[in-house]
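*Asks:* coordinates for the following, if possible.
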Amino acid sequence: MERWHVEGSLVLTEGAVAVEVPASWGAEVSHQLRSAGPLGPILAIPGPRLRWLFLARPDPEPTPDPVPPPDVRYWRGPRSIPAVESRWVVPPEGALPPVGAVRCAIRTVRRFL
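*Replies:* Coordinates of the predicted model:
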């Protein structure tokens, strides 16, 4: 299991992925993801607009970087993501979902926006 360090920033290690969505989509994306399998950790990061980071593992096969929908951002480790005053919506316990499952949940939610 991955250890996540958040002290002013989230440290993504090699092989980790975070998908950032507006918080207004977060609950529905997490619901869709939970329906498909493991939910994985979710970090809420305040700022001018509250955002949620869904932590995931990369797809098993290398794929070209997807073009994210508007308001969605993909972060690949290793890197640090600014996360001042963040809180865990879903604490980091258990398995990470594949990033493809997170993308699918986002696509499903966007159809209804």
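*Asks:* using CSV, write out every CA atom in the helix or strand hosting Trp52.
*Replies:* Assigned by DSSP states H and E, Trp52 belongs to strand 51-56. Extracted in CSV, the C-alpha atoms of strand 51-56 (Å, rounded to 0.1, in the frame of the first residue of the first chain):
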residue,chain,number,x,y,z
ARG,A,51,-11.0,20.6,-6.1
TRP,A,52,-10.8,16.9,-5.4
LEU,A,53,-7.9,14.7,-6.3
PHE,A,54,-8.7,11.0,-7.0
LEU,A,55,-5.5,8.9,-6.5
ALA,A,56,-5.1,6.0,-8.8
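*Asks:* I'd like the next helix or strand past that strand.
*Replies:* Immediately after strand 51-56, counting by DSSP H and E, sits strand 73-76.
*Asks:* what pairs with the strand holding Trp52, parallel or antiparallel?
*Replies:* In the sheet, strand 51-56 lines up against strand 17-22 (antiparallel), strand 42-45 (antiparallel) (DSSP bridges).
*Asks:* average model confidence for the shortest one?
*Replies:* If you average the pLDDT over strand 42-45, you get 94.
*Asks:* ok, stretch 95-102 next?
*Replies:* Mean predicted confidence for stretch 95-102 is 90.
*Asks:* can you list the strands paired with strand 51-56 in TSV and add distance to Arg73 and mean neighbour count?
*Replies:* Where you see a C-beta, it was placed from the backbone N, CA and C, and this is true even at glycine. TSV is the format used below for these (distance: least, C-beta to C-beta, whole Å; neighbours: other C-beta atoms under 10 Å):
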stretch	distance to Arg73	mean neighbour count
strand 17-22	4	20
strand 42-45	11	21
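*Asks:* closest to Val109 out of the ones you listed?
*Replies:* Closest to Val109 of these is strand 17-22 (C-beta to C-beta; 8.4 Å).
*Asks:* give me the next element, helix or strand, following the closest one.
*Replies:* helix 23-36.
*Asks:* show me which residues of the strand holding Trp52 are buried.
*Replies:* Across strand 51-56, burial judged by 16 or more other C-beta atoms under 10 Å covers 51-56.
*Asks:* out of those, who's nearest Arg111?
*Replies:* Nearest to Arg111 among the buried residues of strand 51-56 is Phe54, at 17.9 Å by C-beta to C-beta.
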